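Engineer: predicted structure and sequence below. I'll ask about it afterward.
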Amino acid sequence: MRAVKSTEERNGAMTNCGTRAGNLLRARVDVDRSAHKQILLERMNRRAEIQVRLQKTVEGLSIMAISY
């Protein structure tokens, strides 16, 4: 009976260890995804800023052309 109980305890410990490892891996993947999304959002923001600057330049040139 002791052997059965000991085996059950080891199986339970292994299961807990596997669960913890899976949770840690999931957390790591979530952190990596968040970092990647942050980089993408920063790039999108930079492109939007450039687009607005270009639009303002074109509008300014159009006003100058119309005034001329």
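Structural biologist: Perfect, thanks for sending it.

Engineer: now do the helix or strand where Ser34 lies: distance to the chain's middle.
Structural biologist: Per DSSP states H and E, Ser34 falls inside helix 2-67. Centre-to-centre, helix 2-67 and its host chain are 0 Å apart (C-alpha atoms, centre = their mean, to the nearest Å).

Engineer: swap in stretch 51-68?
Structural biologist: Centroid separation for stretch 51-68 versus its chain: 37 Å, with C-alpha atoms, centre = their mean.

Engineer: for the record, mean pLDDT for that stretch?
Structural biologist: If you average the pLDDT over stretch 51-68, you get 92.

Engineer: in it, what's buried?
Structural biologist: Buried residues in stretch 51-68, counting neighbours by 16 or more other C-beta atoms under 10 Å, are absent. All C-beta atoms are positioned from the backbone trio N, CA, C, and that covers glycine.

Engineer: alpha carbons of it, as PDB, please.
Structural biologist: C-alpha atoms of stretch 51-68 as PDB (Å, rounded to 0.1, in the frame of the first residue of the first chain):
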ATOM      1  CA  GLN A  51       1.700  60.400 -43.600                       C
ATOM      2  CA  VAL A  52       0.300  63.400 -41.800                       C
ATOM      3  CA  ARG A  53       3.400  65.400 -42.400                       C
ATOM      4  CA  LEU A  54       3.300  64.500 -46.100                       C
ATOM      5  CA  GLN A  55      -0.400  65.500 -46.300                       C
ATOM      6  CA  LYS A  56       0.300  68.900 -44.700                       C
ATOM      7  CA  THR A  57       3.200  69.500 -47.200                       C
ATOM      8  CA  VAL A  58       0.900  68.600 -50.100                       C
ATOM      9  CA  GLU A  59      -1.800  70.900 -48.800                       C
ATOM     10  CA  GLY A  60       0.700  73.700 -48.300                       C
ATOM     11  CA  LEU A  61       2.000  73.300 -51.900                       C
ATOM     12  CA  SER A  62      -1.600  73.200 -53.200                       C
ATOM     13  CA  ILE A  63      -2.300  76.500 -51.500                       C
ATOM     14  CA  MET A  64       0.800  78.100 -52.900                       C
ATOM     15  CA  ALA A  65       0.000  76.800 -56.400                       C
ATOM     16  CA  ILE A  66      -3.600  78.200 -56.200                       C
ATOM     17  CA  SER A  67      -2.300  81.500 -54.900                       C
ATOM     18  CA  TYR A  68       0.200  81.800 -57.600                       C
END
